[in-house]
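1. The sequence and its predicted three-dimensional model are supplied below.
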Amino acid sequence: MTVEADMNRQHFEFEKSIRLNVTNETLDAHRVLVKWAVRKTDATILREEEQWLEVPALSAVWMDKVELPQIDCFNEYVSYEAWENDQIISQGTVIFSYPKYFRYLNPGLTVRVDGDEIVVKAEAYAKSVEIRNENDDLILEDNYFDMNAGEYRVKILDGKPDGLKVRSVYDI
């Protein structure tokens with residue numbers, strides 16, 4: 001504790017594990033399917049698991065810790081999703097290194113408009129995807145999100161999707 005942190009140092013030994021938490025902020029109990037996967041930077045799945053959870057009203061449920069000692073901290077990540085009624089209600093990713101050390105592939109992000117939604121397409125894992133328009137006045141249902149290879153749809157709440165630009169941590 002007496003040594004200053006050196007943010008440029010290489011990694012140190014630590015426990016590689018995940019422990020997911022599902023929170024229900026509604027007044028009704030919910031049955032949720034939680035799916036998670038260890039993936040390579042191109043989003044290829046190396047390991048995947050799923051588990052049904054009963055989450056009482058106004059409460060949270062912790063899942064069991066899963067140790068991942070073999071995960072490659074610089075080339076693999078974990079993605080997770082919560083499903084209810086055949087729809088994803090929450091999702092995200094976690095990496096096991098400082099973002100500047102993770103070996104991102106070029107996700108080749110493209111963007112198009114489909115009605116009142118913006119569709120972002122990625123060829124590989126993309127962290128902190130940002131969508132902007134030419135006037136910087138676009139209000140979206142979601143922004144600065146992580147995504148696996150494939151498509152991710154975001155509802156437009158306000159503003160015109162003119163002159164769209166999209167980027168991720170890879171572009172920084």
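-> Cool, got the structure. Numbering: from 1, shown residues only.

2. Would you agree residue 37 is in contact with residue 47?
-> Yes: between residue 37 and residue 47 a contact is recorded at 6.6 Å, counting by Cβ atoms under 8 Å. Where you see a C-beta, it was placed from the backbone N, CA and C, and this is true even at glycine.

3. Between those two, tell me which one has more neighbours.
-> residue 37 (19 against 14; other Cβ atoms under 10 Å).

4. Now do the helices in this protein.
-> Remark: no helices are assigned in the chain by DSSP state H.

5. okay, and for it, where does confidence drop off?
-> The chain contains residues with pLDDT under 70 at 1-12.

6. if we go to 50?
-> 1 (pLDDT under 50).

7. Report the buried residues of stretch 42-61.
-> Across stretch 42-61, burial judged by 16 or more other Cβ atoms under 10 Å covers 43, 53, 55.

8. which residues touch the closest residue to the last one other than its chain neighbours?
-> By that I understand residue 55. Spatially, and ignoring its direct neighbours in sequence, residue 55 is nearest to residue 24 (4.1 Å; Cβ to Cβ, 6 or more residues apart in numbering). Counting by Cβ atoms under 8 Å, 6 or more residues apart in numbering, residue 24 makes contact with 30, 55-60.

9. do that again at 6 Å, thanks
-> If a contact means Cβ atoms under 6 Å, 6 or more residues apart in numbering, then residue 24 has 30, 55, 59 as its contacts.

10. Pick the one among those closest to residue 88.
-> residue 30 (13.9 Å; Cβ to Cβ).

11. how much space is there between the nearest residue to residue 19 once chain neighbours are set aside and residue 27?
-> Of all residues not flanking residue 19 in the chain, residue 65 sits nearest, at 4.3 Å (Cβ to Cβ, 6+ apart). Between residue 65 and residue 27 the computed distance is 29 Å (Cβ to Cβ, to the nearest Å).
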